[in-house]
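J.: sequence first, then the predicted structure, then my questions.
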Amino acid sequence: MDHQAEDPVERRRAQALEALQRGDVLLAEQAFARLLEQLPDDAEALQFLASRELERGHVTRAVERLRAARLAHPRDAAILHQLGAAQVLAGDPGGAEDSLREALRLAPGMFVARLRLGVVLEQQGRSREAAMVYLGAINAAQAQRRWLSDETTAPGLRDAVKHAARHVAATRRELFDAVIEPLRQRYGRAELARVDQCLAIYLHELPPPLPDPRQRPLFLYFPGVPSQPLYPRERFPEHARLEAAVEAIRGELRTVLAGADDPLEPFLGATTAEAEAARLLESTGAQEAGWDAFFFYRHGERYDDNCARCPRTSALLDTLPLVRIRDHAPETLYSVLRPGTHILPHRGVTNTRLVTHLPLIVPPDCALRVGGQTHVWEEGRCITFDDTFEHEAWNRSGQTRVVLIMDSWNPDLTEAERLAVTDLVAAIGDFNRPAP
């Protein structure tokens, strides 16, 4: 005997679903209403009946049903999303915001709920917050190959998605212009003309005028500076202090490598190391490829314990004119390339800063190639290059290779341009940060 068929609740549910399959919405509504008489907190019935109330324009009744569903199922993100949408129609933006934020806390990937939250914020005049939320919705949808075109966007959402994209573009242009404006006032608009062009390129208002096809920044291209893979040593006189202290720096490195603990970490990051290593690292021998790091700074964050372990190296780095941008730079580290490791060709993020290597331990058969030019490291002799050119490095020996890496400003930027890039990159990072 089918006990489920004897259950009146499940019998009503089956009747409702069968009616929906036949397109008989009225019969489905009647079945769900009877089900609800027997099981007042049934989520499926409450949600369906709420949707019918909305179709009739009975917004208050719909909200009441969805609040009952939420009370019975407080961790159901779909109920919270539907409740938020109904609260918008009910003229309750505060309630809608609370419901949608809670839905997204439980299910961050609900990009339609995020889009609706952006609408709520924009309607309240919170334009910048709305833009950031809209951007999060678009990014989340496009990560799932949605909202890339009309064909990948549900017809009922196309206008809203296009509006969100326009709002994001207009808001970030206004925001980034406001970030640069004080410097325009201070130095004059002509002094920051290249920064304005850089911003227009970033916003896809202008194509990047790349003079060399080997160069392609992943993030920010600054126009009007010489395009060259390797930079002359005389452009960086401060690096002489690094070279003069190479024995002390190498001594602290050897102490780190000989320590009982293991302070090194994957350069590509512990959470992404496996996927990134498969894309960027290749073994040239029997050993597994490995690229490790001992960070002094990463993304602008100081590693205090590591700095304390290498006080002379850390103190010297702190005297250099490194790039300093909140949450982004500097990036300084011992870069440890294990035997038989090849870092495959890749490109960096921006030509506003350059990368310097101070080679500390260089076995035979190790080299760096930038823009097709091969350079063999010499211990104690700095090399500076633009990593927005395709570059790669390899250690084909049976020993470990270590260089000290640091980032420095492109010397062809003026003081005003450096200040503007500092403020602009920090603002872009804030704007692009995933919305809560």
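T.: Arrived safely, thanks for sending.

J.: when you work out contacts or count neighbours from here on, use the C-alpha atoms and nothing else.
T.: OK.

J.: so, low pLDDT: which residues of the protein?
T.: For the chain, the stretches with pLDDT under 70 are 1-6, 270-278, 435-436.

J.: mind giving me the domain ranges of it?
T.: For the chain, automatic domain parsing gives the domain ranges 3-169, 230-409.

J.: how about those in JSON lines, adding distance to residue 182 and mean neighbour count?
T.: What follows is the domains of the chain, written out as JSON lines (distance: least, CA to CA, whole Å; neighbours: other CA atoms under 10 Å):
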{"stretch": "domain 3-169", "distance to residue 182": "20", "mean neighbour count": "18"}
{"stretch": "domain 230-409", "distance to residue 182": "18", "mean neighbour count": "18"}
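
J.: Serialize those domains to TSV and add fields for distance to residue 193.
T.: Output for the domains of the chain, formatted as TSV (distance: least, CA to CA, whole Å):
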stretch	distance to residue 193
domain 3-169	21
domain 230-409	15
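
J.: tell me which of these sits nearest to residue 433.
T.: Within the domains of the chain, the stretch nearest residue 433 is domain 3-169; the backing value is 8.1 Å (CA to CA).

J.: how far does that closest one sit from the chain's center?
T.: Mean C-alpha position of domain 3-169 versus that of the full chain (CA atoms, centre = their mean, to the nearest Å) differs by 28 Å.

J.: residue 200: what's its closest spatial neighbour, skipping adjacent residues?
T.: In this structure, residue 200 finds its nearest non-sequential neighbour in residue 206, 5.6 Å apart by CA to CA, 6 or more residues apart in numbering.

J.: repeat that for residue 97.
T.: Spatially, and ignoring its direct neighbours in sequence, residue 97 is nearest to residue 117 (6.2 Å; CA to CA, 6+ apart).

J.: give me phi/psi at that neighbour?
T.: phi -60, psi -40 (degrees, to the nearest 10).

J.: what's the answer for residue 217, then?
T.: Per degrees, to the nearest 10, the backbone of residue 217 is at phi -60, psi 140.

J.: from residue 137, how far out is it?
T.: Remark: distance between residue 217 and residue 137 (CA to CA, to the nearest Å) = 26 Å.

J.: now do the same contact list for residue 343.
T.: Shown in contact with residue 343 (CA atoms under 8 Å, 6 or more residues apart in numbering): 280-282, 392-394.

J.: to clarify, my last question referred to residue 64.
T.: Taking CA under 8 Å, 6+ apart as the test, residue 64 contacts no residue whatsoever.

J.: helix or strand: which one has it?
T.: Element membership for residue 64, per DSSP states H and E: helix 59-72.

J.: with only the CA atoms kept, save that helix in CSV.
T.: Below are the C-alpha coordinates for helix 59-72, written out as CSV (Å, rounded to 0.1, in the frame of the first residue of the first chain):
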residue,chain,number,x,y,z
VAL,A,59,0.6,42.9,-2.1
THR,A,60,-0.2,43.1,1.6
ARG,A,61,-1.6,39.6,1.6
ALA,A,62,1.4,38.3,-0.3
VAL,A,63,3.8,39.8,2.2
GLU,A,64,1.8,38.3,5.1
ARG,A,65,2.0,34.8,3.6
LEU,A,66,5.8,35.2,2.9
ARG,A,67,6.4,36.5,6.4
ALA,A,68,4.7,33.4,7.7
ALA,A,69,6.9,31.3,5.5
ARG,A,70,10.0,33.1,6.7
LEU,A,71,9.0,32.6,10.4
ALA,A,72,8.6,28.9,9.8
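
J.: can you name the next helix or strand after it?
T.: Downstream of helix 59-72, the first helix or strand assigned by DSSP H and E is helix 77-89.

J.: and the next element down the chain from that following helix?
T.: Next element after helix 77-89 (DSSP H and E): helix 93-106.

J.: just the strands from the stretch 151-300 of the chain, written as ranges.
T.: Using DSSP state E, counting those that start in this stretch, the strands of the stretch 151-300 of the chain run over 230-231, 265-266, 281-283, 291-298.

J.: how about TSV for these, with distance to residue 78 added?
T.: Formatted as TSV, these follow (distance: least, CA to CA, whole Å):
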stretch	distance to residue 78
strand 230-231	55
strand 265-266	39
strand 281-283	42
strand 291-298	39
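
J.: quick check: which of the ones you listed is nearest to residue 88?
T.: strand 291-298 (42.9 Å).

J.: so which residues make contact with the closest one?
T.: Counting by CA under 8 Å, 6+ apart, 263-268, 302-304, 306-307, 314, 328-338, 341 sit against strand 291-298.

J.: likewise stretch 406-415?
T.: Residues from elsewhere that reach stretch 406-415, judged by CA under 8 Å, 6+ apart: 225-226, 235, 321-323, 329-333, 351-357, 418.

J.: measure stretch 335-350 end to end?
T.: Taking CA to CA, stretch 335-350 runs 20 Å from one end to the other.

J.: gap between it and the chain center?
T.: Chain-centre distance of stretch 335-350: 21 Å, with CA atoms, centre = their mean.

J.: rewinding a little: for residue 63, find the nearest of the strands of the stretch 151-300 of the chain.
T.: The closest of the strands of the stretch 151-300 of the chain to residue 63 is strand 291-298. By CA to CA, the value is 48.3 Å.

J.: following element in sequence after that closest one, please.
T.: Going down the chain from strand 291-298, the next helix or strand is strand 301-302, by DSSP H and E.

J.: direction included, what does that following strand pair against?
T.: strand 291-298 (antiparallel) (DSSP bridges).

J.: mind listing the helices for the stretch 101-250 of the chain?
T.: Per DSSP state H, counting those that start in this stretch, the stretch 101-250 of the chain carries helices over the ranges 111-123, 127-143, 158-187, 193-202, 239-244, 246-258.

J.: name the helices or strands packed onto the third one?
T.: The contact analysis (3 or more CA pairs under 8 Å, 6 or more residues apart in numbering; DSSP states H and E) places helix 158-187 against helix 111-123, helix 127-143, helix 415-432.

J.: got the angle between the first one and helix 127-143?
T.: Right, helix 111-123. 160 degrees (axes from the mean of the first three to the mean of the last three CA atoms, to 10 degrees).
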